[in-house]
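A.B. asks: pasted the sequence and its predicted model underneath.
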Amino acid sequence: MSSSMMLLKACLLITAVTATEMDNCDPALGSCSLKGEADPSTLLQTRVTSVSDDAMQDVASEKMRQGEAPSLEENVDKGTSHVMPLLDDRRKEEMEKDECLTIHGNLCAWPFTDKGQIYYDCAGKPGQKWCMTTANKKQRCQESPACENVNLIYRKASYWYDRFLDVVYTAGLRTTLPKHADTLDEHSLRYAAVMAGEFYFPQDDGTTEVADVLELQYGENEVAVRVRNMFQKILKKTKTLEDRQRVTLGEFLTIVGKARNRKRKGLEEVAYGAYMGALYDSATSMMIGHDGSSDLGVKCFGVTYVLTQEFAYQGSDGDDKLGLMLSSPAVSGALKTAYDNSEQAWLETQEEGRVTRQAFKQYFMNKARLPPPNRVAPPVASAWVKEALETTARKVEQLSGKKLSANGKYKASESIAWYDHVLDLLFTAGLRMMLPNTKDTLGKHCFQYAALMAGEFAFPATGRADVLGVRNKNSQIGKAAKDAFQAAKKGGRVTLGGFLEWKGGLYGKSWLEEISYGSYLAALYDAAVAMKAPTKSDLGRFTTKTDLGSKAFGVTWVLSQEFYFNDVGGQ
């Protein structure tokens, strides 16, 4: 994690929690349950959302210990497989190889089934975790690193692939900007399926495996050759150092945007930039433990570049460069495989010609034979999230004289984890405030505005701070924010398309400035949508809400005015 990111997170820790008293003892587990809590099959829903390298990387050689659980070696689309090592910076003392035992010294059996629910790790909340033993008895798990890390590779794959699918689906929705969509049409789905199959799945030997269906790294088909030529063109144009061989978002926008420029103006250019930014986010999410400021190698760049050509402004027809919409597709080779994969995805997910986020994610999670993240324990929290939870517990005890209950810690961890996710989104938006200039740390101007928005997170007990008074209708900025909301809203809320249409682009500016601005606005919008933690009915890491109310819109409108093209002065 960069020092700038760590500083932003450390400076902005605010927590709000409620505690629930313990009640209802379960002799079978030798412990007490929590009053009002659901059965164990519904309790595995806390998921840590830090993308820091130092926290999310686990022991690369950790072996999956389940007996019947499917191997990840087969969890990729058909295609040429390439293997690369996983990063590993975990301390040696965390490299536990012991078996997970119960408090009675018995071995847990993986996976085990209880009430129709399959478990790959100890079930229940902290202090109450349990498993089924090899003798088919329910017993409480020991509180040990071995039990904490059981099947960690499998759980990490579930968590990160689920996150990746959310980002890919969001990029698919933006194919038709500024036209708003909550579901995918056939064209958007088929090309999103191409990206969805290219995740770097972790293997139990410490490597990752990716399908590379289009054979972009080494293939000789027309698409692969065109991709590698464009990649080399960018490296040459930007005079990239020979030892880097990577492409940044700024370089991506500058070269690919120019190649695709068709004398678009204003809104269309800004909308295209928002789409390109979402595709880039998808590419940087392909690997476990990615950093939001990452650059792209040839394969991740390749599939992103292919999809940039499928932008369908206002719902117009996309170019269909891969022929995925043809009634008579390619008869063999990589394009035939890509077509078959997209055809299967479309037939199994569409309902009345549209595909929902839930159907999209469920299809690809099932195809990879991975359980939803809310059915497995989360990967290990980053150091700052753990510290934040400990700080919260101390403050509660100081203020109330009572220790924070297990249920209070559970709820606090959910809020802190989601806030961690929001800070990552805000950091990314801050980096894009000066596109196409690309950096991996924030300067004073970007930091201060990202920090301003971070303070507007809707904590469960305290709500939004509203430091600027954007909701004060009697203040100058409050009146301006209200007028802006009234102008941008449709049906009482503001969609990304409506936001872009209201902003209208930077007329009179260059195409590069406008697509850069569009990429910034989309990143800012993503952070704004996440400013309130999702409810239990929401799907996975991303809230299903895709529009803004007046509260979240106000501060977003303020920051939308802080873009300074190519790092040339901020207002």
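C.D. replies: Thanks, I have it.
A.B. asks: name the nearest residue to residue 281, ignoring sequence neighbours.
C.D. replies: residue 167 (5.3 Å; CB to CB, 6 or more residues apart in numbering). Glycine gets a C-beta too; all of them are placed from N, C-alpha and C.
A.B. asks: residue 256 now?
C.D. replies: Residue 256 sits nearest to residue 308 (CB to CB, 6+ apart), 5.7 Å away.
A.B. asks: residues in contact with the one you found?
C.D. replies: Counting by CB atoms under 8 Å, 6 or more residues apart in numbering, residue 308 touches 256, 260, 275, 276, 279.
A.B. asks: same question, residue 359
C.D. replies: 349, 350, 351.
A.B. asks: kindly report the same for residue 143.
C.D. replies: Residue 143 touches 127, 129, counting by CB under 8 Å, 6+ apart.
A.B. asks: tell me the span between the first and last residue of stretch 105-125.
C.D. replies: The first residue of stretch 105-125 is 20 Å away from its last residue (CA to CA, to the nearest Å).
A.B. asks: same deal with stretch 438-450?
C.D. replies: Terminal-residue distance, stretch 438-450 (CA to CA): 17 Å.
A.B. asks: stretch 166-180 now?
C.D. replies: Note: stretch 166-180 ends 17 Å apart using CA to CA.
A.B. asks: give me the buried stretch members for it, please.
C.D. replies: Neighbour counts over stretch 166-180 (16 or more other CB atoms under 10 Å) mark 166-180 as buried.
A.B. asks: that older thread, export the contacts of residue 359 as TSV, with columns for distance to residue 416.
C.D. replies: Below are the contacts of residue 359 laid out as TSV (distance: CB to CB, whole Å):
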residue	distance to residue 416
349	34
350	38
351	37
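A.B. asks: going through these, which ones are buried?
C.D. replies: Looks like those have 349, 350 buried, using 16+ other CB under 10 Å.
A.B. asks: and the contacts of residue 359, which is closest to residue 386?
C.D. replies: Distance ranking of the contacts of residue 359 against residue 386, using CB to CB, places residue 349 first at 37.9 Å.
A.B. asks: next one: the closest one from residue 452, what distance?
C.D. replies: 40 Å (CB to CB, to the nearest Å).
A.B. asks: so which of the contacts of residue 359 are in helices?
C.D. replies: residue 349 (DSSP state H).
A.B. asks: which of the buried residues of stretch 166-180 fall within strands?
C.D. replies: If you go by DSSP state E, those have nothing in strands.
A.B. asks: out of those, which is nearest to residue 132?
C.D. replies: Of these, the one sitting nearest to residue 132 (CB to CB) turns out to be residue 166, at 31.3 Å.
A.B. asks: quick one: that closest one and residue 358 touch, right?
C.D. replies: No: taking CB atoms under 8 Å as the definition, residue 166 is not a contact partner of residue 358, at 11.0 Å.
A.B. asks: any idea how far whichever helix in the chain runs longest is from the chain center?
C.D. replies: Scanning the chain for the helix with the most residues, using DSSP H, yields helix 406-431. Taking CA atoms, centre = their mean, to the nearest Å, one finds the center of helix 406-431 at 13 Å from the center of the full chain.
A.B. asks: helices and strands around that helix, which ones?
C.D. replies: Judged by 3 or more CB pairs under 8 Å, 6 or more residues apart in numbering; DSSP states H and E, helix 406-431 is in contact with helix 3-11, helix 383-400, helix 444-454, helix 511-529.
A.B. asks: could you give the angle of the longest one to helix 406-431?
C.D. replies: Read that as helix 511-529. If you take axes from the mean of the first three to the mean of the last three CA atoms, to 10 degrees, helix 511-529 sits at 170 degrees to helix 406-431.
A.B. asks: tell me the mean pLDDT for helix 511-529?
C.D. replies: The average pLDDT for helix 511-529 rounds to 93.
A.B. asks: walk me through the domains of the chain.
C.D. replies: Split into domains by automatic domain parsing, the chain comes to 155-367, 418-427+435-567.
A.B. asks: now those domains in JSON lines, with distance to residue 391?
C.D. replies: Shown next, in JSON lines, are the domains of the chain (distance: least, CB to CB, whole Å):
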{"stretch": "domain 155-367", "distance to residue 391": "25"}
{"stretch": "domain 418-427+435-567", "distance to residue 391": "13"}
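A.B. asks: quick one: closest of those to residue 397.
C.D. replies: It's domain 418-427+435-567; of the domains of the chain, that one is closest to residue 397 (CB to CB) at 16.4 Å.
A.B. asks: distance between that closest one and the chain's centre?
C.D. replies: The answer for domain 418-427+435-567 is 17 Å, by CA atoms, centre = their mean.
A.B. asks: stretch 132-152 too?
C.D. replies: Worked out by CA atoms, centre = their mean, stretch 132-152 lies 29 Å from the chain centre.
A.B. asks: now that stretch: buried residues?
C.D. replies: Result for stretch 132-152 [16+ other CB under 10 Å]: buried residues 132-133, 138-142, 145-152.
A.B. asks: mean confidence for it?
C.D. replies: Here the average pLDDT along stretch 132-152 is 86.
A.B. asks: now swap in stretch 431-448 and tell me
C.D. replies: pLDDT averaged over stretch 431-448 gives 91.
A.B. asks: and it, what's buried?
C.D. replies: 431-439, 442, 445-447.
A.B. asks: thinking again about what came up before, can you put the contacts of residue 308 in JSON lines and add pLDDT and secondary structure?
C.D. replies: Formatted as JSON lines, the contacts of residue 308 follow (pLDDT from 0 to 100; DSSP: H, G, I helix; E, B strand; the rest coil):
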{"residue": "256", "pLDDT": "88", "secondary structure": "helix"}
{"residue": "260", "pLDDT": "69", "secondary structure": "helix"}
{"residue": "275", "pLDDT": "96", "secondary structure": "helix"}
{"residue": "276", "pLDDT": "95", "secondary structure": "helix"}
{"residue": "279", "pLDDT": "96", "secondary structure": "helix"}
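A.B. asks: in CSV: the residues you listed, plus distance to residue 330 and neighbour count.
C.D. replies: Shown next, in CSV, are the contacts of residue 308 (distance: CB to CB, whole Å; neighbours: other CB atoms under 10 Å):
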residue, distance to residue 330, neighbour count
256, 24, 23
260, 24, 17
275, 26, 27
276, 27, 27
279, 23, 28
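A.B. asks: which one of those residues sits closest to residue 520?
C.D. replies: Nearest member of the contacts of residue 308 to residue 520, counting by CB to CB, is residue 276, at 11.4 Å.
A.B. asks: low pLDDT regions in this structure?
C.D. replies: 1-98, 204, 239-244, 260-264, 289-293, 374-382, 507-508, 535-545, 568-571 (pLDDT under 70).
A.B. asks: which residue is nearest the centroid of it?
C.D. replies: In the chain, the centroid-proximal residue (CA atoms, centre = their mean) is residue 163; its distance is 4.2 Å.
A.B. asks: tell me the spacing between it and residue 301.
C.D. replies: Residue 163 is 20 Å from residue 301, by CB to CB.
A.B. asks: likewise for residue 133?
C.D. replies: 49 Å.
A.B. asks: equivalent analysis for residue 485, please.
C.D. replies: For residue 485 relative to residue 301 (CB to CB), the value is 38 Å.
A.B. asks: swap in residue 424?
C.D. replies: 22 Å.
A.B. asks: now do residue 475
C.D. replies: The value you get for residue 475 to residue 301, if CB to CB is used, is 46 Å.
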